[in-house]
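Undergrad: okay, predicted coordinates and the sequence, questions at the end:
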Amino acid sequence: MKVASFDIVFQEIPGEVTLALNLSNCPCHCPGCHSPHLWEDTGEEVTKELLNGLLARYGSMITCVAFMGGDANPEEVAEWANYCKGERLKVKGERLKTAWYSGRMMMPKDEKAFDYVKLGPYIESLGGLKSEKTNQRLYKRVGEEWVDITNSFWRKNL
C-alpha cells in the first residue's frame with residue numbers, strides 16, 4: 001500500500017481536522033473519478049516510519065487520519081488505522097479518530113478500526129457526498145452503531 005500524497009483537510013470528515021492520506025493503486029477505476037492518478041501504483045510505501053513522521057509533524061493539529069482509497073488492501077488499511085490510533089494514545093494519551101473513504105459497498109471486515117467509513121463507488125451522474133442524489137454514504141460510529149451522516153454535506157435550504 002502506497003501514499004501518493006497527503007494533506008490536511010477540513011471537509012472530508014465533518015467536525016474533524018483530518019490528515020488525508022491519498023492511497024494509490026485503486027482498483028475501482030470509477031468513470032469520472034476526480035483522482036484518476038490514484039489508479040496508478042505510485043507513491044511511498046506506508047511504513048511505521050512514514051506514519052510516525054506525519055503524526056509527529058501534524059499530530060497537535062489533527063483529530064483524525066483518513067485513508068482515502070486503499071480498496072485493493074482493506075485489511076492493510078485497517079491495520080494502519082489501528083496503528084495510528086495506538087501511536088497517538090501512546091504518545092499523547094489521546095484517542096485519534098480514523099476514517100476510510102472506500103469505493104466498496106460493504107463495511108470492512110475490521111470495522112472497529114474506524115470511526116468513519118465512506119462507502120460506495122463514485123457515479124458521475126449521481127455526484128459525490130455533496131449531492132443529495134449521491135449513492136455514496138458516510139457513516140459515523142456512535143457506540144456500537146453506524147449512523148449515516150451523509151446529509152451533513154448537503155446545503156440546507158434557508
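TA: Cool, the structure landed. Residues are numbered from 1 along each chain as shown.
Undergrad: all strands for the chain, in order.
TA: 2-9, 18-23, 44-45, 64-68, 97-101, 116-119, 137-142, 145-148 (DSSP state E).
Undergrad: mind putting the ones you listed in a markdown table, mean neighbour count included?
TA: Any C-beta I mention is one placed from the backbone N, CA and C, and that applies to glycine too. Formatted as a markdown table, those follow (neighbours: other C-beta atoms under 10 Å):
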| stretch | mean neighbour count |
| --- | --- |
| strand 2-9 | 17 |
| strand 18-23 | 24 |
| strand 44-45 | 11 |
| strand 64-68 | 26 |
| strand 97-101 | 25 |
| strand 116-119 | 22 |
| strand 137-142 | 18 |
| strand 145-148 | 12 |
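Undergrad: closest to Arg57 out of those strands?
TA: Closest to Arg57 of these is strand 18-23 (C-beta to C-beta; 9.2 Å).
Undergrad: just the CA atoms of the closest one, as CSV, please.
TA: Provided in CSV are the C-alpha atoms of strand 18-23 (Å, rounded to 0.1, in the frame of the first residue of the first chain):
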residue,chain,number,x,y,z
THR,A,18,-8.1,15.4,9.1
LEU,A,19,-4.8,14.2,7.8
ALA,A,20,-5.9,12.7,4.5
LEU,A,21,-3.6,10.0,3.0
ASN,A,22,-4.3,9.5,-0.7
LEU,A,23,-3.6,5.9,-1.4
